[in-house]
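Colleague: Return a 3D structure for these sequence lines:
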Amino acid sequence: TFVKAQKSPGNLFLSQTVSPLVVCMIVAAFTVATSSFDDKWHPEEVFEKLESSGILEQFLRCLALEEDHLRTTTFLNELQSCVSFLHKNFKKGQPCGDVLNAILQGKGGFRVKNPAVFSRLQAISRVVEAIDISKKKKTKMTKMCRHCGKSDSSDAFQPSLMRCARCKITYYCSKECQMADWKLHKGTCIPAGTKSQMENVENTERVAKFFASKHFLPIMAKMVEACKGTDLKKKDVLVELDYSFNEDGIIPASQEPPIFTVVPIRDYFNGSRTNWFGKSMDPQFRKECIAALRDTLNKMTSMNLLALVNFNGTITCRNVDIEMYSDELFEAFQSAIIDKAWGLSNVS
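Modeller: The predicted model follows:
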């Protein structure tokens, strides 16, 4: 029998003895619901049910008295990764959002006992704020020349770039660059809107988007790790996804936990990244991939994640358009990790 917390505007204060028991029961129920082999639920489904019954709201109140933060780590990690759910239920005016703000501001008699729990709740609050900012922000693409790589975000340079009239994907800064690149580009220049172009885009975008949605936390953790101690930002790194069998007979990106890599984009352009997906690439093929990478970068916005996908032996670059990967959300996670409110060691 589960503890039923009534959804009401009033505060619920439980004793130091009862509060840990409630936390344990809710965490246990969440674990069972999301790990059952027969009828496993997605974490967001569980959070929706907990919120609609008022249990999640009361769980937050119980956290104020929680001393052992380790047992809530997985629960809060999953909550932090459900971006759409947070935006809907944790903003100002919503029960969970108002309780969270009251806890963080020390209003209504709330006093969080464990500093680690307080930091985790702060991290969730940062994510909610970042979602609001990213939804209000207008995104803008910065294009570059496919051949020479010249890029400038100024209003003078961007409109001057010429687009390939055939595929409508590639851009050049001059006719000279376009002519010099044609020998390389013609092999991948598929007329825009044709069945071949649309099928190629659909297949690789589908697997990249599925991976990005399913493994949000590990991707964010590895991206933060790749940028740590450097001048790199989210737009400067890409995710390598290998969906082909390796020498051990496994598909790395399909493993649990998944095997993938986050690499600075500049490593491809400066030639230091020569071993892609565990193989040494043919120089000509590498040139084609780098040119395709520039094409993909031309379509990047602050809401995108860049992926290099090895799918059925074909390597392609894809823009994953999911708002949970906005620049603002990345910075919120980066701040939380730096503050040790969400440890990298907790994520595979």
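Colleague: Verify the contact between Met281 and Arg273 for me.
Modeller: No - look at Met281 against Arg273 with CB atoms under 8 Å: they stay out of range, at 9.3 Å. Glycine gets a C-beta too; all of them are placed from N, C-alpha and C.
Colleague: And Leu308, its phi and psi?
Modeller: Main-chain dihedrals, Leu308, degrees, to the nearest 10: phi -110, psi 110.
Colleague: ditto for Cys164
Modeller: According to degrees, to the nearest 10, Cys164 has phi -60, psi 130.
Colleague: can I assume it is in contact with Trp182?
Modeller: No - at 9.5 Å, Cys164 does not count as touching Trp182 under the criterion of CB under 8 Å.
Colleague: and these two? which has more neighbours close in?
Modeller: Legend: neighbour count by other CB atoms under 10 Å for Cys164 and Trp182, higher for Cys164 (18 against 13).
Colleague: Check the gap between the residue lying closest to that one once chain neighbours are set aside and Glu57 for me.
Modeller: The shortest distance from Cys164 to any non-neighbouring residue, by CB to CB, 6 or more residues apart in numbering, is to Thr170 (4.1 Å). Distance, Thr170 to Glu57, using CB to CB, to the nearest Å: 52 Å.
Colleague: For the residue nearest to Cys164, give me the pLDDT.
Modeller: As summarised for this prediction, Thr170 has a pLDDT of 81.
Colleague: Check the one 3 residues further on too.
Modeller: As summarised for this prediction, Cys173 has a pLDDT of 91.
Colleague: What about it, how many residues nearby?
Modeller: Other residues lying near Cys173 total 21 when counted by other CB under 10 Å.
Colleague: Show the contacting residues for it.
Modeller: If a contact means CB atoms under 8 Å, 6 or more residues apart in numbering, then Cys173 has Cys145, His147, Cys148, Lys150, Phe157, Ser160, Leu161, Met162 as its contacts.
Colleague: Can you turn the buried part of those into a ChimeraX selection?
Modeller: If you want just the buried ones from the contacts of Cys173 in ChimeraX, going by 16 or more other CB atoms under 10 Å, the selection is:
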select :145,147,157,161
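Colleague: about what we covered before: from memory the residue nearest to Cys164 sits against His147, does it?
Modeller: No - in this structure, Thr170 is not within contact of His147 by CB under 8 Å, at 9.1 Å.
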